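> Sharing a sequence plus its predicted fold:
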Amino acid sequence: MLTRLFEDPLFPGNLEQRKASRLLLIMVGGILAMHIDDLRALARLWLSKTEEVRQDKSHWSTNITGDIYGTGWISEMYGYAIGAAEVGLRHKINDDIMIYLGYIPRPGIEPLILHYGLPFKVGNWSFSKLEHHEDVIVYDCNRLFPPPPFPREVEMMESDPNVKRGLFLSIECINTLNEGLLLHHASVGCPKAQWSKYLSFLKSRRFSELTMPKYWKGQKVDSTITAQHVALSKTNSEYPKIHTLFSTECSSYFDWQTVGLMHSFRLSGQPGNIMRLLSCTDEDLKNYKGHDLAPTHYVPSMSQHPLTGDWYPAINKPAAVLHWLSHVQTDAEFIVILDADMIMRGPITPWEYGAKLGHPVSTPYEYLIGCDNILAKIHTRNPSACDKVGGVIIIHIDDLRRFAILWLHKSEEVRADKAHYATNITGDIYASGWISEMYGYSFAAAEINLRHIIRRDIMIYPGYVPLPGAKYKVFHYGLRFGVGNWSFDKADWKNADVVNTSWAKFPEPPDPATIMQEGLDARERDLLSIECARALNKALYLHHKRRNCPRLDSIHSTSSNKIERLAHESSRNRNRGKFVPLDVAREKTVESAAATISPVHRSRRLARSSRMWIIAVWAVSIVVFLLVISMFFTDRRRSVSRSRVSRSLKAHV
């Protein structure tokens, strides 16, 4: 569905009806362009909601409806907006196609439609359609509306070029109406009108040039628009195909996140396939062990920018998505993009959340304050379209193809803008440009006017109080969270190889039965936190089980103690203010992983050598015992033999 609508000055209010949908009511009107299936779904509700609003006389007042007459005259407009919200239609709003006469057009905008619904004037001349409400001018041969000033008179009225353009639009409208009346009168047999200077102008080349057809110069819309039919009644086979992507790097830190996400993906019921976009240097790839953790598309690492040398691993996300689009053929219509540090709790689908071409769905990132200040004005030509979103993204494949290269370019641009790293400009608490990639996403989307459907009920950070009734589909454990004295922070586990260490896991969260909270909100918050932590440990347990890890107490105790010690040391450093930048920590991942796993290998070697020594000692002991016994019996036989010979000799003597 594509709907082109315009903010209507007669329709500034937001009338909330008792039975209206909870979706946002869009202040629109004027002209509509929509799919026929959307119109079929909307038409009855448009009528019924118009009747409903019209009957609601207690809310006709101007301060509620915006109706300057306070008479319920614009009930039909509200009927449309509320009916559209009721069936889930979300509008694409363009304010550059239509203009109300009397308004000043924006620079560079050539409106295609002139709306003369309000009074307007040019110098001392004016026009109001209400003054002609009962006028039979159509039937009075050769009678026209009072002629407006001529173009040369308008040229002398105003020096401001945009104001002057607005005046020209006003006279163009009335001149076009009068030309239409002349043609109509001639078609019904009226006598030829007497000559006048004004009639001569209407037939002149100058008038023809002023009223030539105008063409929209705005964003080109793909002719293969995908209709979002209101039809949740489709069968499953008719739903669009989905492909899920997430970006990681060649490190143990991302490996345990991958294990968690992949385990939750298998349980979530998410349609379609999933693909890990793995960004690695050639050297890292030689030593990497986690190739089998997920279906993988390999991407050259851009952690260190090939041109600038800037160390910024977050740039790998847009770079990996662009690389995947350039190298992989997909028949998926929608792409779901997640972060590695997420746990899925259910399917994330475009039909559930209303994603469509031109309108991706995402979750709010309110701290992206740069969308509201100078940062957006510097980095996008369309700052008003900057949406503060991130985390979970549901986007049409055609939008992603248009958008991906801009996502990468804008991320590089914001990252290079060190003059605006300050927290009060970006919202980045480290003021280090670390969230440049997030701004790259928002600014790139604004550049091509992708407006997001923002949903707060898809994703939650563990530790946050959930919205009442929200059925979250994703845990995003990007921040520290805790329950009582227990806490978890993914950054504490940057140098711990819990994937390749047998039976390693994270500290267990409290038992839900022990949670005692005064308020229901706090209890729900803690239960969600426990669910997230348990899901990670369950994923690790099943991973170790699939690897057929030996159940040895020495391995378990040695590895777990070592890993937890690394985590606690990292946590203490962070709490003492010794913040280790993510890039430095990542460089030490391989060395830390080796340090983590070596005690386990050492314990295995000691165990094997001890067993061999014991077996050898037993073998030698048995051999010695047998030799002693053999020698004893041999000597005894010889003694007996000598005794017999001696007795025989004595007998003969």
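Everything's here; your move. Numbers count the residues shown, from 1 in each chain.
> Okay, and the beta partners of the most centrally placed residue in the chain?
With distances taken as CA atoms, centre = their mean, the chain has Ile393 as the residue nearest its mean C-alpha position (2.3 Å). Listed by DSSP bridges, the beta-bridge partners for Ile393 are Ile337, Ser362.
> Report pLDDT for it.
On pLDDT, Ile393 comes in at 98.
> Check the gap between it and Ala385 for me.
Ile393 sits 16 Å away from Ala385, taking CB to CB, to the nearest Å as the criterion. In this view, the C-beta of every residue, glycine as well, is placed from N, C-alpha and C.
> before we move on, what about Glu333?
24 Å.
> how long is stretch 78-97 from one end to the other?
22 Å (CA to CA, to the nearest Å).
> Going along the chain, name the strands of the stretch 151-300 of the chain.
With strands called from DSSP state E, counting those that start in this stretch, the stretch 151-300 of the chain shows them at 242-249, 273-280, 296-300.
> downstream neighbour of the shortest one in the secondary structure list?
Beyond strand 296-300 in the direction of the C-terminus, DSSP states H and E gives the next helix or strand as helix 316-327.
> orientation of that next one relative to strand 242-249 in degrees?
130 degrees (axes from the mean of the first three to the mean of the last three CA atoms, to 10 degrees).
> can you list contacts of helix 316-327?
With contacts defined as CB atoms under 8 Å, 6 or more residues apart in numbering, helix 316-327 is touched by 245, 247, 249, 275, 277, 279, 297, 299-303, 337, 400-401, 404-405, 407-408, 411, 437, 440-441.
> so how far is that helix from its chain's centroid?
16 Å (CA atoms, centre = their mean, to the nearest Å).
> Go through it and flag the buried ones.
By 16 or more other CB atoms under 10 Å, the buried positions in helix 316-327 come out as 316-325.
> Roughly how far does Ile425 sit from Tyr365?
Counting by CB to CB - Ile425 and Tyr365 are separated by 15 Å.
> more crowded one of the two?
Higher neighbour count among Ile425 and Tyr365: Tyr365, with 19 against 16, using other CB atoms under 10 Å.
> tell me the contacts of that one?
Contacts for Tyr365 (CB under 8 Å, 6+ apart) come out as 388-391, 438.
> run the last query once more with 10 Å
Taking CB atoms under 10 Å, 6 or more residues apart in numbering as the criterion, Tyr365 is in contact with 371, 387-391, 427, 435, 438-439, 441-442, 454.
> now, which of those lie within helices?
438-439, 441-442 (DSSP state H).
> With neighbour count, distance to Val499 and pLDDT as extra columns, can I get those residues in CSV?
Conversion of those to CSV gives the following (neighbours: other CB atoms under 10 Å; distance: CB to CB, whole Å; pLDDT from 0 to 100):
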residue, neighbour count, distance to Val499, pLDDT
Met438, 24, 27, 97
Tyr439, 31, 32, 98
Tyr441, 27, 29, 98
Ser442, 29, 33, 97
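> from these, which is closest to Val154?
Ser442 (42.3 Å; CB to CB).
> Count the neighbours of the residue nearest to that closest one when sequence neighbours are not counted for me.
Distance criterion CB to CB, 6 or more residues apart in numbering; nearest residue to Ser442, sequence neighbours excluded, is Cys386 at 5.2 Å. As a burial measure, Cys386 scores 23 neighbours (other CB under 10 Å).
> about what we covered before: which residues touch the residue nearest to the centre of the chain?
245, 321, 335-339, 348, 355, 360-363, 400, 441, 445, 452.
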